[in-house]
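J.: the sequence and its predicted three-dimensional model are supplied below.
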Amino acid sequence: MMKEILEMAAVSAEEAELYRVRSKSSEVIFEANRLKSIDSSFEEGIGLRIIKQGKIGFSSSTDLSQPRPLVKAASDSAQFGQKAHFHLPSVNSTSSVECYDDFLISLSLEQM
């Protein structure tokens, strides 16, 4: 899907940059050494920045099933954007970043 969005953006813009973020978190609350609640959440979103006719356009969305409105919003916003005095980075692959500490598993109730 990411490649598809960049290909759509390339039709109307000279340059495009796509940023995707995913976040999963779990909150566990204990009270008086008893489990009180567990709350888990998952969030995902994308941001699209383009340079069109020398101006910067941007849009973001949490609805990844509909890429066309994202691309259109970025393209439309470029007409009001600031002049781009830079170029967007070239293609770059990155690895997933894990934000988890194995040490947390070993914590006792008292330590929590």
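T.: Cool, got the structure. Here the structure is a predicted model, which means the values were calculated and not measured.
J.: could I get the full set of strands for the protein?
T.: Under the criterion DSSP state E, strands of the chain are mapped to 15-31, 34-52, 55-61.
J.: parallel or antiparallel, list what pairs with the first one.
T.: This points to strand 15-31. The pairing partners recorded for strand 15-31 under DSSP bridges are strand 34-52 (antiparallel).
J.: next, the angle from the partner strand to strand 55-61.
T.: Orientation check (axes from the mean of the first three to the mean of the last three CA atoms, to 10 degrees): strand 34-52 against strand 55-61 gives 150 degrees.
J.: show me what counts as buried in strand 34-52.
T.: Across strand 34-52, burial judged by 16 or more other CB atoms under 10 Å covers Ile46, Leu48, Arg49, Ile50, Ile51, Lys52. C-betas here are computed from N, CA, C, even on glycine.
J.: surely Val21 and Gly45 touch.
T.: Yes: taking CB atoms under 8 Å as the definition, Val21 is a contact partner of Gly45 at 5.7 Å.
J.: circling back to that earlier point, looking at the strands of the chain, which is nearest to Asp102?
T.: Nearest of those to Asp102, taken as CB to CB: strand 15-31 at 15.0 Å.
J.: how far away is Leu109 from Phe86?
T.: Distance, Leu109 to Phe86, by CB to CB, to the nearest Å: 52 Å.
J.: for Ser108, that is, sorry about that
T.: For Ser108, the distance to Phe86 equals 51 Å [CB to CB].
J.: give me the pLDDT for the residue in the chain sticking out farthest from the centre.
T.: Taking CA atoms, centre = their mean, the residue of the chain most remote from its mean C-alpha position is Ala32, at 37.9 Å. For Ala32, the pLDDT comes out at 90.
J.: how many neighbouring residues does Phe80 have?
T.: Applying other CB atoms under 10 Å, we find 9 residues neighbouring Phe80.
J.: check Ala78 too.
T.: Neighbours around Ala78, by other CB under 10 Å: 23.
J.: specify the beta-bridge partners of the residue nearest to it when sequence neighbours are not counted.
T.: Once flanking residues are discounted, Ala78 sits nearest to Gly57: 2.9 Å by CB to CB, 6 or more residues apart in numbering. With DSSP bridges as the criterion, Gly57 is bridged to Ile50.
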